[in-house]
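1. the sequence and its predicted three-dimensional model are supplied below.
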Amino acid sequence: MKGLVILIILTFTHGKYAGEPFYFGAGARGGAMGGAMSAVTGGVASVVWNPGGISTISGRELMFTHMSSFSGLVSTNNLFAGLRRGDWGFAAGFYMVSSSGLIRTAYDSTAGRIVPAGEFGYRFTSFYFGAARNGLGVTVKAVQETIDTVTAIGIGLDVGVQKTIKGIRMGAVIHDLTSTPIVWSTGLKEFILPNVRLGLAYTYRSLTASAESEVRFENMETASTYSVGILSLDPHLGIEWNIHQRIIDSGDFFSVRLGLDRTIPTFGAGFKTKWASIDYAFITHSVLGGSHRISITASF
């Protein structure tokens with residue numbers, strides 16, 4: 001049953017939901033904090049969450065993330081690299097969502113029922129390049145998608161900003177600003193409509209709280225938390241507690257995180273040193289099973 005649900009999500013919800021594979025996010029920190037990242041994201045993960053955060057990159061940075069979703073039925077991998085040049089931060093990399101062993105079916109007229117007729121796979125790959133200065137950034141992304149033998153390509157644009165006023169961090173990002181077109185080899189043309197995320201975050205000592213609203217214009221109705229006509233709104237909430245503990249250097253700390261991604265609870269933890277960090281997140285789901293995400297980041 002789970003495989004059937006995943007098949008529907010990945011292959012038959014295009015058009016209105018053509019951009020769904022983008023929403024897995026990058027890095028385990030964001031997953032553990034319920035996706036409430038527009039105001040707090042930093043480093044190379046910002047190329048996905050909010051390009052304004054790319055301006056926080058100092059030196060060079062490399063991040064790899066692996067996510068196993070819905071009890072292993074969907075795999076997400078991404079690799080991003082970034083560097084700083086003067087006042088500018090730059091980041092680039094790829095983001096891939098895939099699932100294999102999906103069942104192709106056919107109608108057996110002799111038996112009078114639908115029967116399995118082989119397997120096929122799904123792959124969604126997006127290549128990112130982003131740049132930011134003083135909290136204002138832009139990301140260009142090229143999309144390649146494959147369902148069985150059918151392929152598609154597209155290109156999109158995200159813009160975002162981060163600012164801090166009197167200790168309150170604010171973030172705003174518009175994903176797919178130009179309504180990213182997806183053109184299939186069958187001749188079908190779809191559009192990923194703009195997605196707006198607005199967030200606030202505040203840090204008191206070692207505790208950071210982040211809240212974000214995600215606004216979409218896809219007439220999602222019951223698929224969203226709140227919906228009025230074509231407009232839908234989904235909340236994202238996250239808390240991060242940093243516990244300073246010298247293990248290798250005086251700047252080391254552990255992080256404990258929890259969040260709410262729409263209505264889904266999320267949890268996680270991380271450990272960071274001056275040169276590297278490792279983060280883990282677990283995203284629950286009552287029907288499809290949990291998702292595990294781990295990311296490793298190196299700074300040099």
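-> Cool, the structure landed.
2. ok, which stretches of the protein are helices?
-> 2-11, 28-32, 46-49 (DSSP state H).
3. which of those comes out lowest on mean pLDDT?
-> Lowest mean pLDDT within the helices of the chain: helix 2-11, a mean of 43.
4. can you pull the contacts of the closest residue to residue 140 other than its chain neighbours?
-> Closest residue to residue 140 apart from its sequence neighbours, by Cβ to Cβ, 6 or more residues apart in numbering: residue 129 at 5.3 Å. Quick note: C-beta positions are derived from backbone N, CA and C, even for glycine. Shown in contact with residue 129 (Cβ atoms under 8 Å, 6 or more residues apart in numbering): 47, 90-92, 139-141.
5. tell me the one of the residues you listed nearest residue 265?
-> Closest approach between the contacts of residue 129 and residue 265, by Cβ to Cβ: residue 47, at 26.6 Å.
6. so what's that closest one up against?
-> Residues in contact with residue 47 (Cβ under 8 Å, 6+ apart) are 26, 54, 80, 82, 91-93, 128-130, 139.
7. just the strands in the stretch 151-300 of the chain please.
-> 168-175, 180-184, 189-192, 195-204, 207-216, 226-228, 231-244, 253-261, 264-272, 276-283, 291-299 (DSSP state E, counting those that start in this stretch).
8. tell me the angle of the fifth one relative to strand 231-244?
-> When you say that, I think you mean strand 207-216. For strand 207-216 against strand 231-244, the angle by axes from the mean of the first three to the mean of the last three Cα atoms, to 10 degrees is 160 degrees.
9. what packs against strand 207-216?
-> strand 195-204, strand 231-244 (3 or more Cβ pairs under 8 Å, 6 or more residues apart in numbering; DSSP states H and E).
10. next one: the second one
-> Here strand 180-184 touches strand 136-147, strand 150-165, strand 189-192, going by 3+ Cβ pairs under 8 Å, 6+ apart.
11. buried set for the longest one?
-> Meaning strand 150-165. 152, 154, 156-162 (16 or more other Cβ atoms under 10 Å).
12. repeat for the first one
-> Buried residues in strand 136-147, counting neighbours by 16+ other Cβ under 10 Å, are found at 136-141, 143-147.
13. in CSV: the residues you listed, plus distance to residue 268 and pLDDT.
-> Putting the buried residues of strand 136-147 into CSV (distance: Cβ to Cβ, whole Å; pLDDT from 0 to 100) gives the following:
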residue, distance to residue 268, pLDDT
136, 29, 98
137, 25, 98
138, 29, 98
139, 24, 98
140, 29, 97
141, 25, 96
143, 28, 92
144, 30, 93
145, 29, 92
146, 31, 91
147, 31, 87
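14. now those residues in TSV, with distance to residue 121?
-> Below are the buried residues of strand 136-147 laid out as TSV (distance: Cβ to Cβ, whole Å):
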residue	distance to residue 121
136	39
137	34
138	32
139	27
140	27
141	22
143	17
144	14
145	12
146	8
147	8
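15. and which of those is nearest residue 207?
-> residue 137 (26.8 Å).
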